[in-house]
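# kindly return the folded structure for what I paste below:
(one chain, ligands or ions: 2)
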Amino acid sequence: MPEVISVVNQKGGVGKTTTTVNLAAGLSEIGQSVLVIDFDAQMNSTNWMLGRETEEDEASIFDSLDTVAGEEAEEFSLAELAEDSGAGFDFIPAGEDMIANTFDSTIGRSGAYPNQLRVRVEELEREFEKGLISTPNGPYDYCLVDCPPSLGRAIMVALVGSDGILVPVAADGFSMQGLKQLLNTIREVRINNSDLEIIGILANNLDLRSGLVKDMEEALHNRYEDLMFETSIPWRSKINEVTTLGTYLKDHAPSSDARSFYKSLAHEVVERTQAPTPA
Ligand SMILES: Nc1ncnc2c1ncn2[C@@H]1O[C@H](COP(=O)(O)OP(=O)(O)OP(=O)(O)O)[C@@H](O)[C@H]1O
Ligand SMILES: [Mg+2]
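Ligands and ions are numbered 1, 2, ... in the order given. Sure thing, here's the model as predicted:
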């Protein structure tokens, strides 16, 4: 089975999408095969990898989860939806219907809720094992889910379908408060998925010129100890540029330290998922 990791934080703009896509690229650079799933109606990672938003009549992750929920709709497996990102890994786009009011009134109300993603990942694995399917970069070692900034029903589906979570966090007071709330939610999800691990908390977007940011980073490490990744990601213009331009560090800034940070994060993720950190 692929290791399914949700990149999650209910706080907006902390770097979930940035981390998901750059980590996927980093993992693939160190020889892992990766599928990214965009779970966010904002379609930021879809835009990054596809170069545009999905059209209303285009299939997206919603159509895979919705069918499992028993809706009368065309059936889409994850394999059918997987597209080549052009950076060595595959992705599945989001659609506007991932927005909370649509999601909650369909998938979120079905009897199958919140198992839809888990069912689809198990189906994907069975199909690969039987040699029934092929995708551009599968079968997968990792499946990374780019979550929206909420703790709503879509997140519950993502978390119940995941083996672990990766939490990007900014080194500021509000982010640290939000982290406490998130970790409480994880305890609730464990009622449905007792195996859910915290793979790691990632200090991201650190402006290391600020003494306060350095103090906050230290406070994160003191408080969350081994749950923190040793790698942290400083603010880098190259990172901002790849998200804006929809390109990848290996093409846009091949010799940048930013690229090496994500490779080192990728190595840590591999180490930790072989022997996950107890929460
Ligand atoms: N380490 C970094 N260096 C420079 N810019 C960064 C870094 N991390 C994130 N950013 C920038 O911060 C902005 C927000 O990042 P991103 O979209 O990944 O956050 P998010 O958590 O996915 O947001 P949302 O909650 O809306 O989904 C983007 O413009 C991105 O380029
Ligand atoms: Mg995002």
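
# not counting its neighbours along the chain, what's nearest whatever residue of the stretch 51-200 of the chain ends up closest to ligand 2?
Here the stretch 51-200 of the chain gets closest to ligand 2 at one residue, residue 146, 5.9 Å apart by Cβ to the ion. For the C-beta atoms, the positions are set from N, CA and C on the backbone; glycine is no exception. Once flanking residues are discounted, residue 146 sits nearest to residue 20: 4.1 Å by Cβ to Cβ, 6 or more residues apart in numbering.

# now the element after the helix or strand harbouring that neighbour, going C-ward?
Using DSSP states H and E, residue 20 sits within helix 16-29. Under the assignment DSSP H and E, the closest C-terminal helix or strand after helix 16-29 is strand 34-38.

# contacts for that following strand, please.
Applying Cβ atoms under 8 Å, 6 or more residues apart in numbering, the contact partners of strand 34-38 are 2, 20-21, 24, 27-28, 44-46, 49, 60-61, 78, 82, 85, 88-94, 98, 135, 137-138, 140-146.

# near ligand 1, which residues of the stretch 1-150 of the chain?
12-18, 40, 42, 44, 149 (Cβ under 6 Å from any ligand atom).

# would CSV of these with pLDDT and neighbour count be doable?
Putting those into CSV (pLDDT from 0 to 100; neighbours: other Cβ atoms under 10 Å) gives the following:
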residue, pLDDT, neighbour count
12, 94, 11
13, 94, 12
14, 95, 24
15, 97, 20
16, 97, 29
17, 98, 26
18, 98, 24
40, 98, 23
42, 97, 18
44, 98, 20
149, 96, 18
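
# of those residues, which are in range of ligand 2?
16-17, 44 (Cβ under 5 Å from the ion).

# quick check, nearest of the residues you listed to residue 237?
Distance to residue 237 across those (Cβ to Cβ) is lowest for residue 17, with 17.2 Å.

# contacting residues for that closest one?
Counted by Cβ under 8 Å, 6+ apart, residue 17 has contacts 7, 40, 44-45, 48, 146, 243.

# just these: which are in helices?
The members of the contacts of residue 17 that map onto helices under DSSP state H are 44-45, 48, 243.

# compare those and tell me which has the most neighbours.
Most neighbours among these, by other Cβ atoms under 10 Å: residue 45, with 30 neighbours.

# worst-scoring helix or strand of this protein, pLDDT-wise?
Least confident helix or strand of the chain, by mean pLDDT, DSSP states H and E, is helix 173-189 with a mean of 87.

# can you tell if the next helix or strand along the chain from it touches ligand 2?
Next helix or strand after helix 173-189 toward the C-terminus (DSSP H and E): strand 197-206. No. Contact of strand 197-206 with ligand 2 (Cβ under 5 Å from the ion) is absent, the minimum separation being 12.0 Å.

# residue of the stretch 51-200 of the chain nearest ligand 1, please.
At 3.3 Å from ligand 1, residue 149 is the closest residue in the stretch 51-200 of the chain, using Cβ to the nearest ligand atom.

# isn't that residue up against residue 9?
Yes. Judged on Cβ atoms under 8 Å, residue 149 makes contact with residue 9 at a distance of 7.0 Å.

# so the residue nearest to residue 172 when sequence neighbours are not counted is in which element?
By the measure of Cβ to Cβ, 6+ apart, the closest residue to residue 172 outside its immediate chain neighbours is residue 216, 6.3 Å from it. For residue 216, the element it lies in under DSSP H and E is helix 211-224.

# and that helix, what's buried?
213, 216-217, 220-221, 224 (16 or more other Cβ atoms under 10 Å).

# give me the common contacts of residue 149 and residue 9.
Residues touching both residue 149 and residue 9 (Cβ under 8 Å, 6+ apart): residue 16.

# just list the residues touching the closest residue to residue 171 other than its chain neighbours, thanks.
Leaving aside its sequence neighbours, residue 171 sits nearest to residue 216 (Cβ to Cβ, 6+ apart; 3.7 Å). Contacts for residue 216 (Cβ under 8 Å, 6+ apart) come out as 171-173, 176.

# check those residues and tell me the two furthest apart.
Of all the pairs that those form, the one spanning the most space (Cβ to Cβ) is 171 and 173, at 9.2 Å.

# those two: who's more crowded?
More crowded of residue 171 and residue 173, by other Cβ under 10 Å: residue 171, with 23 against 11.

# the more buried one: what's it in contact with?
Here residue 171 is in contact with 203, 206, 213, 216-217, 220 (Cβ under 8 Å, 6+ apart).
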